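Visitor: from the sequence below, what's the structure:
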Amino acid sequence: MMHRVLPTALVFAFLFTSSTAQAAKFAATFYPGATIPVGDFAADSLGNAQTGFQFGAALDAKFNEHLSAGIEFSWAINNNGLEGKKEDLGGGFYTRADQYEYNVRQYGVRGRYSLNMGTFHPFALVGIGAYDVELNYDIALGGPVPTQEVKQSGTTDYGTQFGGRGGLGFECDVSPKVLLGLGANYNYVSMDEAKFGSSSLEFWEVRASIGHNFK
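Guide: Modelled structure (predicted):
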């Protein structure tokens, strides 16, 4: 059900934004940054996710000098704390996690309220959307000679889940069309506890921004 409802809702939201913003100014923004897991996502006994990196992009319609709304996509990658570690099973046997990483892809809609203080623009942001969460792994199992090392690769797909985020930041005008900024967003995603081991996935994004005004 979530796979059908969320994409449909996002399409309608984008069409509404586009249809009501024919006279608005548009801006595209690229976001490189870091993701910092918190709560169960960061707990050693649960998610065990480490600080990682993310990149994203957004397209906003600016309705007036304060209010804008648009669509956004981001992709975060966070290693599990087991990646790169070797566990001794006894008798010369071992396992080693060559790859153990979370991929979180988010696509949704957002709104921003900005203050104009000359070339300095602080803002508050809220957004909702769909989060695709998966764990990619590459595990090696080996033992004493002449045992050959065996590798197993795969992906655990936790599905598409609903979530939201809110944050604060600022942008500065470098030129009439180019803006540079910095911001931080808190993300909360509702998860299937039976699959994920926790009912939520939480993380902070701390990211720079490079924006371009089209009109």
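
Visitor: any weak-confidence spans in this protein?
Guide: Applying pLDDT under 70 to the chain flags residues 1-24, 215.

Visitor: quick one: the helices in the chain?
Guide: 2-19, 193-196 (DSSP state H).

Visitor: so how far is stretch 185-197 off the chain centroid?
Guide: A distance of 13 Å separates the centroid of the chain from that of stretch 185-197, by C-alpha atoms, centre = their mean, to the nearest Å.

Visitor: likewise for stretch 154-162?
Guide: Its chain's C-alpha centre and that of stretch 154-162 lie 14 Å apart, by C-alpha atoms, centre = their mean.

Visitor: send over that stretch as CSV, restricted to the C-alpha atoms.
Guide: Provided in CSV are the C-alpha atoms of stretch 154-162 (Å, rounded to 0.1, in the frame of the first residue of the first chain):
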residue,chain,number,x,y,z
GLY,A,154,23.4,-9.6,-0.8
THR,A,155,21.0,-6.9,0.1
THR,A,156,18.4,-6.8,3.0
ASP,A,157,15.6,-4.6,1.7
TYR,A,158,13.6,-2.9,4.5
GLY,A,159,11.1,-1.4,2.1
THR,A,160,9.8,2.1,1.4
GLN,A,161,8.8,3.8,4.6
PHE,A,162,7.2,7.1,5.5
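
Visitor: which residues touch that stretch?
Guide: By C-beta atoms under 8 Å, 6 or more residues apart in numbering, the residues outside stretch 154-162 that reach it are 2-3, 6, 128-137, 189-192, 195-196, 201. Just so you know, the C-beta spots here come from the backbone N, C-alpha and C atoms, and that holds for glycine as well.

Visitor: what subset of the residues you listed is buried?
Guide: Buried by 16 or more other C-beta atoms under 10 Å: 6, 128-133, 135-137, 189, 191, 196, 201, out of these.

Visitor: mind checking which of those land in strands?
Guide: Assignment to strands by DSSP state E places the following of those there: Ile128, Gly129, Ala130, Tyr131, Asp132, Val133, Leu135, Asn136, Tyr137, Val189, Leu201.

Visitor: what sits closest to the last one if chain neighbours are left out?
Guide: Read it as Leu201. What sits nearest to Leu201 in space, not counting adjacent residues and going by C-beta to C-beta, 6 or more residues apart in numbering, is Val189, at 4.2 Å.

Visitor: I'd say the one you found and Gly129 touch.
Guide: No - counting by C-beta atoms under 8 Å, Val189 stays clear of Gly129, with 9.6 Å between them.

Visitor: would you list every one of the strands in this structure?
Guide: Using DSSP E, the strands of the chain run over 25-38, 52-62, 67-79, 86-90, 93-114, 120-142, 150-173, 178-190, 200-213.

Visitor: possible to save these as TSV with distance to Leu46?
Guide: Below are the strands of the chain laid out as TSV (distance: least, C-beta to C-beta, whole Å):
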stretch	distance to Leu46
strand 25-38	10
strand 52-62	16
strand 67-79	13
strand 86-90	18
strand 93-114	12
strand 120-142	12
strand 150-173	13
strand 178-190	14
strand 200-213	10
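
Visitor: on that earlier part again, measure the residue nearest to Leu201 to Thr156 for me?
Guide: For Val189, the distance to Thr156 equals 16 Å [C-beta to C-beta, to the nearest Å].

Visitor: equivalent analysis for Phe63, please.
Guide: Applying C-beta to C-beta, the value for Phe63 to Thr156 is 42 Å.
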